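Asks: I would like to see how this sequence folds:
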Amino acid sequence: MTTKKNNEPKKKGRCSNKHSVGFWAHLKKWQKVLTVIVSIITIISASYAVGFSIIVWQNEGQIKNIIQNEAIYVIEKNPDKAVSLYAENAVVKDAAGGNANLVVAWMGINQIKERYLGFQNYTFTFLVHGDVHVVIDLYQNRASATADTTGQYLLNGEQKQITSNQGEKWTFEKVNGIWKIDSFTYNLP
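Replies: Numbers count the residues shown, from 1 in each chain. As a prediction, the model looks like this:
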């Protein structure tokens, strides 16, 4: 044991009361500083998460609007508006006549427009893409979606039904900040 000046034994491992109070006061000061720093980081993180969620919801909403507009433009027989939804080098694939073994593909805007011009002979009474599921990549510049399609049209006086359960497969990309259809696969596995 060590001794103090007045020859009283000093206990090991203990600070004098003067040093102990200073240490705890100092620790409390740093605890307050750390609490403020953690609070600031929490607020920034929460703000980022909320902001990111809003961006995801906006992008998802824009993509769902594109999908719904595609159906609207088919009903309206407006191939120019339909094609405006697509990226320049987009691809559309379709099971010809519902036959998944016979795939028809249109590549690029000009061919895709030809596909929509082919709908001029159809009179759709309704066409809806429902139960749309959208997945957006982390960077918010690519996405995919699946959808059900139900519809009804007249062709040569004969009424036809369309039903596709999650048979619609879409991919999207942002082109100059605007979502465009990169590919659309209709009724194929």
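
Asks: wait, what's in contact with the most centrally placed residue in the chain?
Replies: When the chain is reduced to its mean C-alpha position, the nearest residue by CA atoms, centre = their mean turns out to be Ile136, at 2.9 Å. Residues in contact with Ile136 (CB atoms under 8 Å, 6 or more residues apart in numbering) are 56, 59-60, 63, 142-143. (Each C-beta comes from the backbone N, C-alpha and C, glycine too.)

Asks: I would like a PyMOL command selecting only the buried ones among the residues you listed, please.
Replies: Command for PyMOL that selects the buried part of the contacts of Ile136, burial taken from 16 or more other CB atoms under 10 Å:
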select buried, resi 59+60+63+143
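
Asks: Just the residues contacting the longest strand seen in the chain, thanks.
Replies: Ranked by residue count and defined by DSSP state E, the top strand of the chain is strand 158-175. For strand 158-175, contacts defined as CB under 8 Å, 6+ apart pick out 63, 66-67, 87-88, 127, 129, 131, 133, 140-154, 179-188.

Asks: what do you get for stretch 94-112?
Replies: Against stretch 94-112 from outside (CB under 8 Å, 6+ apart): 82-83, 86, 88-93, 114-115, 185-189.

Asks: Could you identify the most distant pair in these?
Replies: Within those, two members stand farthest from each other by CB to CB: Glu88 and Pro189, at 27.4 Å.

Asks: can you pull out the strands in this protein?
Replies: Ranges of strands in the chain, per DSSP E, are 2-3, 9-10, 86-95, 103-107, 123-136, 142-155, 158-175, 178-186.

Asks: neighbouring strands for the third one, and are they parallel or not?
Replies: It stands for strand 86-95. strand 103-107 (antiparallel), strand 178-186 (parallel) (DSSP bridges).

Asks: Now do the buried residues in the first one.
Replies: So the one you mean is strand 103-107. For strand 103-107, a neighbour-count test (16+ other CB under 10 Å) marks Trp106 as buried.

Asks: Report the distance from stretch 73-82 to the chain centre.
Replies: Centre-to-centre, stretch 73-82 and its host chain are 26 Å apart (CA atoms, centre = their mean, to the nearest Å).

Asks: Quickly run through the sheet partners of the longest strand of the chain, with directions.
Replies: Using DSSP bridges, the strands paired with strand 158-175 are strand 142-155 (antiparallel), strand 178-186 (antiparallel).
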